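J.: Build me a structure from this.
(4 chains)
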2 protein chains.
Amino acid sequence: MSTKPKTAPDRALHLEQFLPYRLNVVGFFASRGLGRVYGTRFGIGIPEWRVIAQLGEFGQLTSRDIGELSQMHKTKVSRAVSELDKRGLVTRAENRADRREAFVALSAAGQRLYAQIVPLALAFEERWIEGISADELRVFERVLAVLTERGRHLAGAYQTEEA
Amino acid sequence: MSTKPKTAPDRALHLEQFLPYRLNVVGFFASRGLGRVYGTRFGIGIPEWRVIAQLGEFGQLTSRDIGELSQMHKTKVSRAVSELDKRGLVTRAENRADRREAFVALSAAGQRLYAQIVPLALAFEERWIEGISADELRVFERVLAVLTERGRHLAGAYQTEEA
DNA sequence: TGACATTAGTTGCACATGTAACTAATTGAG
DNA sequence: CTCAATTAGTTACATGTGCAACTAATGTCA
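T.: Sure, this is the predicted structure:
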């Protein structure tokens, strides 16, 4: 009984072809590989990198915004921002209209770091997708977007980050 | 010197379109979502699940094999196997031809658990890719395979798991 | 045979991270 | 205005994880 059973197909599971597994593995390689790029060179981790990337892109954000934009738990954001603050890479300015929150922004040193990291990150991405045709890549990214959006709901995210 | 700019194009970076970031996010959703499925129901974690999945598929493996097949660090495998052993879900039998290693296999209880989890895992995958055309999915998986293989090298994997 | 290198697997340690509980500030209903 | 509910952000705690160091067994080369 292999090809066409009657009621309970009970398809076999092959982990190396199982999509959630494969996505998790490639995601792991992504963060580890990229983490190596700026970890060894600048001594920062993935959460710190994400904070810097968002601030470099948007200029000024609250921690809450950062967490939402970069899909990080608020405690992770809190710790990353504290660390960057300690190193003088970001500044924090209390919002006087709502003193619960603070605007975080890159300091001058942070901006310099950002300018250094961006080309490295883009080069890493380039090297990674090198040789894949533009058509295939388009399809890939479109499917990836669907999977990400659906995955967000299947995963249930954290508490705060429900969209 | 590629298409147009003279020396430093300095493309902007948009994190939400940055592939390593996107892959990491979707991979996170994958493991969290699936982890929810068997975590809440059977009280096991991702590493334990992977061990069970490999044993269910291959029958009998050494910890080393498990680590290689499922891309896990040997300490993670060690701890997962110990945990499963403690719960009576796997058995360990010393290889008498090489007493450094031991063959790990699912116990009867482990096989029952495996039989329960597999349909849930496949259903999770189904729900996730539902509505995506077979053509697109084929392209997606092919690109994913390329990215995974290249990512493995870019990431440098762990010590032991270099292929 | 003997000494050194290698390998399977475990464990000590430091560190990262999610949850829950907390503080302080703001909002909203009455 | 007041008090309960909500929100931004931090922290204590427990857990998970990678690295390095370790043990025990095997392989290798002379």
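J.: Using CSV, write out every CA atom in the helix ranked longest in chain A.
T.: In chain A, taking DSSP state H as the definition, the longest helix is helix A:19-42. Below are the C-alpha coordinates for helix A:19-42, written out as CSV (Å, rounded to 0.1, in the frame of the first residue of the first chain):
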residue,chain,number,x,y,z
LEU,A,19,8.8,23.3,4.4
PRO,A,20,8.8,24.7,8.0
TYR,A,21,12.0,22.9,8.7
ARG,A,22,13.6,24.1,5.5
LEU,A,23,12.6,27.7,6.2
ASN,A,24,13.9,27.5,9.7
VAL,A,25,17.2,26.2,8.5
VAL,A,26,17.7,28.8,5.9
GLY,A,27,16.6,31.5,8.3
PHE,A,28,19.2,30.2,10.7
PHE,A,29,21.9,30.4,8.1
ALA,A,30,20.8,33.9,7.2
SER,A,31,21.2,35.3,10.7
ARG,A,32,24.3,33.4,11.4
GLY,A,33,26.0,34.4,8.2
LEU,A,34,25.1,38.0,8.4
GLY,A,35,25.8,38.0,12.1
ARG,A,36,29.2,36.9,11.3
VAL,A,37,29.7,39.9,9.0
TYR,A,38,29.0,42.6,11.5
GLY,A,39,29.5,40.6,14.7
THR,A,40,33.2,39.9,14.1
ARG,A,41,33.8,43.3,12.6
PHE,A,42,31.8,45.6,14.8
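J.: Quick one: mean pLDDT over that helix.
T.: For helix A:19-42, the mean pLDDT works out to 93.
J.: residue ranges for the strands of chain A, please.
T.: A:60-62, A:90-94, A:102-106 (DSSP state E).
J.: Any chance of a markdown table for these, columns distance to DNA strand D?
T.: To be clear about C-beta, it is placed using only N, CA and C from the backbone, and glycine gets the same treatment. Shown next, in a markdown table, are those (distance: least, CB to the nearest atom of the strand, whole Å):
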| stretch | distance to DNA strand D |
| --- | --- |
| strand A:60-62 | 4 |
| strand A:90-94 | 7 |
| strand A:102-106 | 5 |
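J.: any idea how far DNA strand C is from the nearest residue to A:Trp49 once chain neighbours are set aside?
T.: If the residues on either side of it in the chain are set aside, A:Trp49 comes closest to A:Tyr38, at 5.8 Å by CB to CB, 6 or more residues apart in numbering or on different chains. With distances taken as CB to the nearest atom of the strand, to the nearest Å, A:Tyr38 is found 14 Å from DNA strand C.
J.: Go ahead and confirm A:Lys76 touches A:Pro47.
T.: Yes - here A:Lys76 reaches A:Pro47: they are 5.1 Å apart, a contact under CB atoms under 8 Å.
J.: returning to what we had before: touching DNA strand D at all, the longest helix of chain A?
T.: No - using CB under 7 Å from any atom of the strand, helix A:19-42 stays clear of DNA strand D, coming no nearer than 7.7 Å.
J.: Next, the angle helix B:19-42 makes with that helix.
T.: 130 degrees (axes from the mean of the first three to the mean of the last three CA atoms, to 10 degrees).
J.: Quick one: list the elements packing against helix A:19-42.
T.: With contacts defined as 3 or more CB pairs under 8 Å, 6 or more residues apart in numbering or on different chains; DSSP states H and E, the secondary structure elements packing on helix A:19-42 are helix A:46-58, helix A:108-129, helix B:19-42, helix B:46-58, helix B:108-129, helix B:134-155.
J.: which residue is nearest the middle of chain A?
T.: Nearest to the mean C-alpha position of chain A, by CA atoms, centre = their mean, lies A:Ser70 at 5.6 Å.
J.: Quick one: name the residues of chain A near DNA strand C.
T.: A:45-47, A:72-73, A:75-76, A:79, A:97-100, A:158-159.
J.: Name the residue of chain A that lies nearest to chain B.
T.: Using CB to the nearest CB, the closest approach of chain A to chain B is made by A:Gly27 at 2.2 Å.
J.: Not counting sequence-adjacent ones, nearest residue to that residue?
T.: A:Gly27's closest residue in space is B:Gly27 (CB to CB, 6+ apart), at 2.2 Å.
J.: Over to A:Gly59?
T.: Nearest one to A:Gly59, counting by CB to CB, 6+ apart, is A:Ala105 at 6.4 Å.
J.: Give me the distance between that neighbour and A:Glu68.
T.: 17 Å (CB to CB, to the nearest Å).
J.: Contact residues of chain A facing DNA strand D?
T.: So chain A meets DNA strand D at A:62-65, A:74-75, A:77-79, A:81-82, A:100-102, A:160 (CB under 7 Å from any atom of the strand).
J.: go with 6 Å
T.: Residues of chain A lying close to DNA strand D by CB under 6 Å from any atom of the strand are A:Thr62, A:Ser63, A:Arg64, A:Lys74, A:Thr75, A:Ser78, A:Val81, A:Ser82, A:Arg100, A:Glu101, A:Ala102.
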